[in-house]
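In: Structure here, sequence nowhere to be found:
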């Protein structure tokens, strides 16, 4: 082989070997990146689950904080509630009220959702920079302060109850077309929430009102999921009644549960109050409670 040919062979071999090494390094780098993302996703999910479990253990409304090193979004659609982290979609049984992408320091509020029996767990997640103004007028100050009290307890530095709003999201308690959110209460704890982007939802207690304020248009999907869970619990309660003493009369409670399944709005609120009284009366009759 001539010297010229040897040099050509050397350079061809070098190019091929370099290409192979480069391809290996790129492949290794991509796999390492995927592995790191997978580890980060698992760590974030574990931290979330620990936070959720800790909050649920309290059995009453409470809150905590968490740092998310990657972007997370809680999605709700016909497929269910999902967490999206690092382009990975993961199903969750938790009802998470949030608005858009979440990253870095976040605040998490929790409350058991009762109507009047335990239905589900509500989690409210906001970024540390998110702020809300619940805006009252002279005619409704007492009502607005009552409705917003627990919301401010979740996020004391992020929520103000005021007649001079200065925060990012402004929630009015009368009709105001250009408001981010406005609420039309029907009772002290129920009514309708309207969003600037269009759409509205009914709420039946303060827990749902706070969810609508935090998640806005997405809250409709979450309320539907909660409604499905309510119907499942009602089915379980009817099954429980089948095994309670026949000497006790549970017919009125069955009728109230049936009405709850088919009602909405003010009718549902009224049915829950009747049901709660009917359940309490059972104690006076020495009969086992339904819930």
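Out: Nice, thanks for sending it over. Because the structure is a prediction, the values reported are computed rather than measured.

In: make it CA atoms for all contacts and neighbour counts henceforth
Out: Will do.

In: List the buried residues of the strand ranked longest in the chain.
Out: For the chain, the strand that runs over the most residues, judged by DSSP state E, is strand 62-77. Of the residues in strand 62-77, 62-64, 66-68, 72-76 count as buried by neighbour count, 16 or more other C-alpha atoms under 10 Å.

In: Residue 288 - nearest residue in space that isn't next to it in sequence?
Out: residue 282 (6.7 Å; C-alpha to C-alpha, 6 or more residues apart in numbering).

In: burial of that neighbour, as a residue count?
Out: 16 (other C-alpha atoms under 10 Å).

In: what's the helix or strand for it?
Out: According to DSSP states H and E, residue 282 maps onto helix 265-284.

In: what's that helix in contact with?
Out: Residues from elsewhere that reach helix 265-284, judged by C-alpha atoms under 8 Å, 6 or more residues apart in numbering: 115-116, 186, 190-191, 202-204, 252-253, 256-257, 259-260, 288-291.

In: any idea which helix or strand carries the most centrally placed residue in the chain?
Out: By C-alpha atoms, centre = their mean, the chain has its centre lying nearest to residue 96, at 1.8 Å. Take DSSP H and E as the rule and residue 96 turns out to sit in strand 95-97.

In: partners of that strand, with directions?
Out: Taking DSSP bridges as the criterion, strand 95-97 forms sheet pairs with strand 118-127 (parallel).

In: For the helix or strand just after the partner strand, which helices and strands make contact with it?
Out: Beyond strand 118-127 on the C-terminal side, the first helix or strand identified by DSSP H and E is strand 132-135. When contacts are defined as 3 or more C-alpha pairs under 8 Å, 6 or more residues apart in numbering; DSSP states H and E, strand 132-135 packs onto helix 141-154, strand 159-162, strand 169-172.

In: and if we set it to 10 Å?
Out: helix 141-154, strand 159-162, strand 169-172, strand 181-185, helix 206-215 (3 or more C-alpha pairs under 10 Å, 6 or more residues apart in numbering; DSSP states H and E).

In: Check which helices and strands the longest strand of the chain is in contact with.
Out: helix 3-56, strand 80-85, strand 88-91, strand 95-97, strand 102-114, strand 118-127, helix 141-154, helix 219-241.

In: Now do the contacts for residue 74.
Out: Going by C-alpha atoms under 10 Å, 6 or more residues apart in numbering, residue 74 touches 81-85, 89-92, 95-102, 125, 215, 218.

In: repeat that with 6 Å
Out: By C-alpha atoms under 6 Å, 6 or more residues apart in numbering, the contact list for residue 74 reads 82-83.

In: In the stretch 1-150 of the chain, where is pLDDT below threshold?
Out: Residues of the stretch 1-150 of the chain meeting the criterion pLDDT under 70: 1-14, 17-19, 22-40, 46, 58-59.

In: switch the cut-off to 80
Out: 1-61, 78-80, 86-90 (pLDDT under 80).

In: Give me the sheet partners of the longest strand of the chain and which way each runs.
Out: strand 80-85 (antiparallel), strand 102-114 (antiparallel).

In: Can I get those strands in TSV including mean neighbour count?
Out: As requested, these are exported to TSV (neighbours: other C-alpha atoms under 10 Å):
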stretch	mean neighbour count
strand 80-85	18
strand 102-114	19
